[in-house]
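# I'll drop the sequence and a predicted model, then ask my questions.
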Amino acid sequence: MPTDTPQRPEAHPPESDGLYGRRTFVQLSLQGALTLALGAAMPVRLAAAAATPPKGHAESTRQMAALLRKIVRESDPLLNPYRCSEQVALLRPLVAQAKTMQEAFNLRTRLAEQLLDAAMPEEALAEYEGIEKMVSENSLPLGENER
């Protein structure tokens, strides 16, 4: 009984004894190597495409950066515990302008703490030694939490 669907011939039929000839073997080997090379290169190409940063920043990113710059520019460093270096620069003149010993003690203590937080331990140690000297020379009474 005849079939209506045509039979697909093999792409590279083996020779009569079931073995491939030299030409067919080389063609199949090259096709296999090319397929492997393309398959191996695909993940690399996909990763490179994903790693490419987008061109420019989104408008919302630019707005957020502008807002953060404005906050840093307009905020008071003395009220922000993370701006230690800026606090040190602002506290030094305040210590020099202190009118009372208690005010000088409080400002110098805060300055020493900010020096420590700003990774300036030598300067902080010198400030603490100066505070200790000031307290002993002026007989300042210290509370429990100030010792």
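Thanks, I have it. Residues are numbered from 1 along each chain as shown.
# From here on, just use CA atoms for contacts and neighbour counts.
Noted.
# Let me see the ranges of the helices in this protein.
22-51, 59-74, 84-96, 101-117, 121-138 (DSSP state H).
# Just list what the helix or strand bottoming out on mean pLDDT in the chain packs against, helices and strands only.
Counting by mean pLDDT, DSSP states H and E, the chain has its least confident helix or strand at helix 22-51, which shows a mean of 76. Under the contact criterion of 3 or more C-alpha pairs under 8 Å, 6 or more residues apart in numbering; DSSP states H and E, helix 22-51 touches no helix or strand at all.
# Which positions in it come out as buried?
Thr24 (16 or more other C-alpha atoms under 10 Å).
# try stretch 74-86
For stretch 74-86, the neighbour count (16+ other C-alpha under 10 Å) marks 77, 83-85 as buried.
# And Gly130, how close does it get to Ala104?
Distance of Gly130 to Ala104, given as C-alpha to C-alpha, to the nearest Å: 11 Å.
# Next: Leu91.
Going from Leu91 to Ala104 by C-alpha to C-alpha gives 10 Å.
# So which of the buried residues of stretch 74-86 is the closest to Ser29?
Using C-alpha to C-alpha, Arg83 comes nearest to Ser29 of the buried residues of stretch 74-86, at 66.5 Å.
# List the contacts of the nearest residue to that closest one once chain neighbours are set aside.
Spatial nearest neighbour of Arg83, chain neighbours left out: Pro77 (5.8 Å); criterion: C-alpha to C-alpha, 6 or more residues apart in numbering. Contacts for Pro77 (C-alpha atoms under 8 Å, 6 or more residues apart in numbering) come out as 83-84, 86-87.
# Quick one: those residues as CSV, columns for pLDDT too.
As requested, these are arranged in CSV below (pLDDT from 0 to 100):
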residue, pLDDT
Arg83, 85
Cys84, 87
Glu86, 90
Gln87, 89
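# With distance to Arg23 as extra columns, can I get those in CSV?
Conversion of the contacts of Pro77 to CSV gives the following (distance: C-alpha to C-alpha, whole Å):
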residue, distance to Arg23
Arg83, 76
Cys84, 77
Glu86, 78
Gln87, 81
